[in-house]
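K.L.:
got a sequence here, can you model it:
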Amino acid sequence: DSEGDWLEERVADPFDKTAEDQLMNEELGDAIYHCLDKLPKKQAEVFKLKNILGYDTDTICNELNITPSNLWVIIHRARTALADCMEEKWL
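P.N.:
As a prediction, this is how the structure comes out:
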């Protein structure tokens, strides 16, 4: 109409989650955790500390007695393995 009210009816609210969206998010979360469980223990631990819990590099290196270079190699390997697993599980 002349007030522009029609626009509200046509444009979906991006924050309005449907049951299908919630199910997809749940399935994605399950797939991620399944793939994390398949990683070698150290890779999973480093990945979780850095990417899920948000620990900084120095803290992780001190806690696990590894060098920053080694941490980034472990992170790279974990990401590669997770990407491969997610491609198989999710796509």
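
K.L.:
show me where pLDDT drops low in the protein?
P.N.:
1-17, 19, 23, 90-91 (pLDDT under 70).

K.L.:
centre-most residue in it?
P.N.:
Ile32 (6.8 Å; CA atoms, centre = their mean).

K.L.:
list the contacts of that one.
P.N.:
Leu82, Met86 (CB atoms under 8 Å, 6 or more residues apart in numbering). Bear in mind the C-beta positions are built from the backbone N, C-alpha and C, glycine included.

K.L.:
ok, then the element right after the helix or strand hosting it?
P.N.:
Using DSSP states H and E, Ile32 sits within helix 19-38. Remark: after helix 19-38, the chain's next helix or strand is helix 41-47, criterion DSSP H and E.

K.L.:
now do that following helix: which elements does it pack against?
P.N.:
Under the contact definition 3 or more CB pairs under 8 Å, 6 or more residues apart in numbering; DSSP states H and E, helix 41-47 sits against helix 19-38, helix 57-64, helix 68-90.

K.L.:
turn those helices into TSV, including distance to Asn51.
P.N.:
Formatted as TSV, the helices and strands packed on helix 41-47 follow (distance: least, CB to CB, whole Å):
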stretch	distance to Asn51
helix 19-38	10
helix 57-64	11
helix 68-90	8
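
K.L.:
and of those, who's closest to Glu45?
P.N.:
helix 57-64 (7.3 Å; CB to CB).

K.L.:
any buried residues in the closest one, and which?
P.N.:
Ile60, Cys61 (16 or more other CB atoms under 10 Å).

K.L.:
for it, the distance to its chain's centre please.
P.N.:
21 Å (CA atoms, centre = their mean, to the nearest Å).

K.L.:
same question for stretch 74-83.
P.N.:
Counting by CA atoms, centre = their mean, stretch 74-83 is centred 12 Å from the centre of its parent chain.
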